[in-house]
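**Q** build me a model from this:
(one chain, ligands or ions: 5)
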Amino acid sequence: MHFSVVSSLLLSTILSSVHVIAAPAQQEKRDAWNKALGWPEPEYNYYKAVGDTVEKAARANQLVNQPACNMQLAQMPQAPTPLPPPSAGLVLSHIAVGRGTQNYTCPKDADASVAPTAVGAVASLFNVSCIAGNYPQLLSLLPSVAVRYPVPTANSQLAPANVMLSGHHYFQDATTPFFNMITSDSNYGMVAAAKLNATNAPDAAKDVTWLKLNAKAGNWSFVEVYRVNTSGGQPPKTCEGQPENIEVQYAAEYWLWAPPK
Ligand SMILES: *[C@@H]1O[C@H](CO)[C@@H](O)[C@H](O)[C@H]1NC(C)=O
Ligand SMILES: *[C@@H]1O[C@H](CO)[C@@H](O)[C@H](O)[C@H]1NC(C)=O
Ligand SMILES: *[C@@H]1O[C@H](CO)[C@@H](O)[C@H](O)[C@H]1NC(C)=O
Ligand SMILES: *[C@@H]1O[C@H](CO)[C@@H](O)[C@H](O)[C@H]1NC(C)=O
Ligand SMILES: *[C@@H]1O[C@H](CO)[C@@H](O)[C@H](O)[C@H]1NC(C)=O
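**A** Ligands and ions are numbered 1, 2, ... in the order given. Next up is the predicted model:
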């Protein structure tokens, strides 16, 4: 099998593992891949956590009855210097793992005195709302694993890769991150946002800042959006020797808050 097909399959499996977590056959398949591919540490840790979860469920005899999705149990991760909390009265509405690129530009033939300018991001958003509540230890490992694989696409021969797709993240203009959570399968709404607060990721040199975004004026489905547990996305330190357009692979958790329904 071609490498990109293998890796798309892996990412889709990772992102949908909560669906198959109770299926021993799938677990065996993953163990086999693990052995065949010689997992690097993030994957090893992730699958070890999956294995532990399955084992625990088996011991508790819950193999056929997965716990109900309880998103309200989910705890949003906190940065070393925490972002302000969500505004009073909002409830957690959706949690997605975003996988895509942070984009930057550099002037032509720039020297080391010039730093790249952020010009937005593009990412596919995968619904991890239930993983967040039921398997928080798996969610916390996802961005660092997801960033290592290409985004699954609908036209790959693995259409089920999009089974958990819940939307798309992009920029309407340089300062307006947009979350379009409408796909052919589901409609979780939309929001045009603006950056309110930023704080360094624990590994700030590698991982883009954690953010609190606010909805812009309008009747949007979400009021506040957090970008946390980022993995990757930081640009080169300077523009020296860089092309004019730079794309840096990243993944992150997006926590979307809304008024109670
Ligand atoms: C997708 O997200 C919604 C919340 O927006 C949640 O109710 C639903 O159960 C999620 N599905 C999965 C499979 O995580
Ligand atoms: C960022 O890069 C992606 C991938 O090439 C591209 O599709 C997108 O248009 C770029 N977005 C911006 C804001 O530069
Ligand atoms: C967050 O941003 C708002 C708006 O700029 C500001 O008033 C507030 O002080 C910031 N809070 C923190 C903790 O940085
Ligand atoms: C806001 O949008 C919701 C959902 O689409 C709709 O039910 C509601 O009437 C809208 N409110 C206003 C003030 O436009
Ligand atoms: C991600 O969040 C979890 C808590 O949900 C935390 O334990 C973990 O260390 C975080 N990882 C990173 C890289 O921020």
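**Q** which parts of the stretch 151-261 of the chain sit against ligand 3?
**A** Residues of the stretch 151-261 of the chain lying close to ligand 3 (C-beta under 6 Å from any ligand atom) are 196-197. No exception for glycine: its C-beta is placed from N, CA and C like everyone else's.
**Q** who does the residue of the stretch 151-261 of the chain found nearest ligand 3 form a beta bridge with?
**A** Distances between the stretch 151-261 of the chain and ligand 3 by C-beta to the nearest ligand atom are smallest at Asn197, namely 3.7 Å. Under DSSP bridges, the beta-bridge partners of Asn197 are Lys212.
**Q** tell me the pLDDT of it.
**A** For Asn197, the model assigns a pLDDT of 98.
**Q** separation between it and Ala118?
**A** 16 Å (C-beta to C-beta, to the nearest Å).
**Q** these two: which is more packed in?
**A** Neighbours per residue, other C-beta atoms under 10 Å: of Asn197 and Ala118, the larger number sits with Ala118, 18 against 14.
**Q** wait, that one touches Asn103, no?
**A** Yes. Using C-beta atoms under 8 Å, Ala118 is in contact with Asn103, at 7.5 Å.
**Q** could you say which helix or strand holds the residue of the stretch 101-250 of the chain found nearest ligand 5?
**A** Nearest residue of the stretch 101-250 of the chain to ligand 5 (C-beta to the nearest ligand atom) works out as Ser140 at 3.4 Å. Using DSSP states H and E, Ser140 sits within helix 136-146.
**Q** which residues of the stretch 1-150 of the chain fall in strands?
**A** Assigned by DSSP state E, counting those that start in this stretch, the stretch 1-150 of the chain shows strands spanning 91-105, 117-127.
**Q** make a markdown table from the ones you listed and add distance to ligand 1 and mean pLDDT to it.
**A** Formatted as a markdown table, the strands of the stretch 1-150 of the chain follow (distance: least, C-beta to the nearest ligand atom, whole Å; pLDDT from 0 to 100):
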| stretch | distance to ligand 1 | mean pLDDT |
| --- | --- | --- |
| strand 91-105 | 4 | 95 |
| strand 117-127 | 4 | 93 |
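**Q** tell me the pLDDT at Gln62?
**A** The model's pLDDT for Gln62 equals 54.
**Q** can you classify Gln249 by secondary structure?
**A** Following DSSP: H, G, I helix; E, B strand; the rest coil, the label given to Gln249 is strand.
**Q** domains for this structure, by residue range?
**A** 5-60, 73-258 (automatic domain parsing).
**Q** so which of those domains is the most packed in?
**A** domain 73-258 (a mean of 18; mean count of other C-beta atoms under 10 Å).
**Q** how about the strands of the stretch 1-150 of the chain in JSON lines, adding distance to ligand 3?
**A** Listed next are the strands of the stretch 1-150 of the chain as JSON lines, based on distance: least, C-beta to the nearest ligand atom, whole Å:
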{"stretch": "strand 91-105", "distance to ligand 3": "20"}
{"stretch": "strand 117-127", "distance to ligand 3": "18"}
